[in-house]
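Colleague: quick one: sequence and predicted model below, then my questions.
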Amino acid sequence: MIDSIELLIFTILPPLLKASIITLQASIFGAIFGSIGGLCFGVLNSDRIKIKIISVLIGLYVIIVRGTPMFVQILFVYFALPEMTHVNVSPIMAGIITIGLNSSAYLSEVVRGSINSLPNGQWESAEVLGYTRYQTIRHIILPQALKNALPVITNEFSTLVKESSVLMIIGVPELVKTSRDIVARELRPIQIYLVTAFIYFVITGSIAFFTKRLERKI
């Protein structure tokens, strides 16, 4: 029993906690990238804003990203993209780019649907009051749309934390890869994978907790 506790405290936990930081870094930066892209694409593809050629391109992008697994996307970004652009990217950067591109496709549909769900009277009233299109979107439409989409957006972030495990295939020492390395060394899969699952639970549970607080505040 004492040996198991010492193994947990001194051998298992430190590398897993370090790996969880890498998982969070990739997820957070990827989510920021994805949120910016998803917001821009969602606005540009909304019914009151859309320009046909831009809407077609965004729609094609969303179909391709949502129709392919992140596993394939990260392989493309890490191996094929540098060969096409002659710009090398580090494994963690390739992971962040992949997470961001994947997230932006999903969030763009969330933002677009949330904007389209608002009554047309919101737009018409803003025009009567002399608001420009930019002012209408920024001050009237987006605050309401993002408020409605907040639960889905935060749920997407929780999903990104879990899906970031695909970064292990390009050598990023995130949570799952580190846990597998420890299992190969210590030969204690049950204890190690239970600790890994608990860390994921704490991260996603914290996200859910703060989401509920934020929803009530808004």
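Modeller: Alright, I've got the coordinates.
Colleague: what's the spacing between I182 and P173?
Modeller: From I182 across to P173, the span is 11 Å (Cβ to Cβ, to the nearest Å). Where you see a C-beta, it was placed from the backbone N, CA and C, and this is true even at glycine.
Colleague: ok, now V87?
Modeller: When Cβ to Cβ is the yardstick, V87 and P173 sit 23 Å from each other.
Colleague: neighbour count winner among these two?
Modeller: A count of neighbours by other Cβ atoms under 10 Å puts P173 above the other of V87 and P173, at 17 against 8.
Colleague: so the more buried one: helix, strand or coil?
Modeller: The assignment at P173 comes out as coil when based on DSSP: H, G, I helix; E, B strand; the rest coil.
Colleague: the one 4 residues further on too?
Modeller: Look at K177: counting by three-state DSSP, its state is helix.
Colleague: per-residue confidence for it?
Modeller: The confidence metric pLDDT takes the value 94 at K177.
Colleague: check P151 too.
Modeller: The model's pLDDT for P151 equals 83.
Colleague: neighbours around it, how many?
Modeller: Each residue near P151 was counted by other Cβ under 10 Å, and the total is 15.
Colleague: what's the distance between it and L24?
Modeller: As it turns out, when the distance is counted by Cβ to Cβ, P151 lies 21 Å from L24.
Colleague: next: L146.
Modeller: Here the distance between L146 and L24 works out to 23 Å (Cβ to Cβ).
Colleague: quick one: which of these two has more around it?
Modeller: Neighbours per residue (other Cβ under 10 Å) separate L146 from L24, with L146 holding more: 18 against 15.
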